[in-house]
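In: Quick one, structure for this:
(chains A and B)
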Amino acid sequence: AQTVTQSQPEMSVQEAETVTLSCTYDTSESDYYLFWYKQPPSRQMILVIRQEAYKQQNATENRFSVNFQKAAKSFSLKISDSQLGDAAMYFCAQPRDDKIIFGKGTRLHILP
Amino acid sequence: DTAVSQTPKYLVTQMGNDKSIKCEQNLGHDTMYWYKQDSKKFLKIMFSYNNKELIINETVPNRFSPKSPDKAHLNLHINSLELGDSAVYFCASSQVVRDGYTFGSGTRLTVV
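Out: This next block holds a predicted model:
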């Protein structure tokens, strides 16, 4: 069963604006990890950000930050000051049973 | 030095042929994986090996056979290729799954 859900197959944002990509997940664990991966047209999979559920503070990496709502099992990715190089598929992901489960992805378009 | 390298990057072959994809990592990770990314960009695990031992074998046709000669290498051999095998195949490695994967650049397999 799919445990990571990305409800937005595609999104567009104007360059320099902020965009938020949604993700919900399912788990019965009390401590767990969540990831966002980026796949640009080059198809390389790049780890963007990692969140440990035990930590209260939302993870941040430069222009990328997450809004982690543990009770709601929500893990959204916020991209600030969007740049043309941010155009990519973005995958929310969760380690589960010695492997990582990926959501179906959100394709992000950046409008110049 | 590329951390996880896959060869070839592109592979075009006829139905019924047998082909192999090679993967090597120089990160010293204990676990390696094969994922298949279909035309809709969905990433699904196929196999994982931990220090040469098969750990995960998802529901994959037995035409697909992984081989791990040592913990730095995980190859994928595919017999009797079918049109539906066309996809991008990713190799990845990790030391602990909660740290995320390091991915290879993918192999785009096209069966004609």
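In: which one is the closest residue to chain B within chain A nearest to, not counting chain neighbours?
Out: Residue of chain A nearest chain B, by C-beta to the nearest C-beta: A:M45 (3.9 Å). No exception for glycine: its C-beta is placed from N, CA and C like everyone else's. Leaving aside its sequence neighbours, A:M45 sits nearest to B:F103 (C-beta to C-beta, 6 or more residues apart in numbering or on different chains; 3.9 Å).
In: how about the one you found, what does it touch?
Out: With contact set as C-beta atoms under 8 Å, 6 or more residues apart in numbering or on different chains, B:F103 has these partners: A:Q44, A:M45, A:I46, B:V4, B:F90, B:C91, B:A92.
In: confidence score at the fourth one?
Out: So that's B:V4. Looking at B:V4, its pLDDT reads 97.
In: What residues are bridge-paired with it?
Out: B:V4 forms beta bridges with B:Q25, as assigned by DSSP bridges.
In: Show the backbone phi and psi for the residue of chain A closest to chain B.
Out: phi -90, psi 120 (degrees, to the nearest 10).
In: Give me the phi and psi for the residue sitting nearest the centre point of chain A.
Out: Compute the mean C-alpha point of chain A, and by C-alpha atoms, centre = their mean the closest residue is A:W36, 3.6 Å away. When read as degrees, to the nearest 10, the backbone of A:W36 gives phi -120, psi 130.
In: which residues does it bridge with?
Out: With DSSP bridges as the rule, A:W36 is bridged to A:I49, A:C92.
In: now swap in B:K44 and tell me
Out: B:K36.
In: ok, it touching B:K36?
Out: Yes - taking contacts as C-beta atoms under 8 Å, B:K44 lies within contact range of B:K36: 5.4 Å.
In: Do the helix or strand hosting B:K67 and chain A come into contact?
Out: Per DSSP states H and E, B:K67 falls inside strand B:64-70. No - for strand B:64-70, no contact with chain A is found by C-beta under 8 Å from any C-beta of the partner chain; the gap never falls below 14.1 Å.
In: Check which helices and strands the helix or strand following that strand sits against.
Out: Next along the chain after strand B:64-70, taking DSSP H and E as the criterion, comes strand B:73-78. Contact here means 3 or more C-beta pairs under 8 Å, 6 or more residues apart in numbering or on different chains; DSSP states H and E; on that basis strand B:73-78 packs against strand B:19-25, strand B:31-37, strand B:43-50, strand B:64-70, strand B:87-94.
In: Let me see the mean pLDDT of the last one.
Out: Strand B:87-94 shows an average pLDDT of 98 in the prediction.
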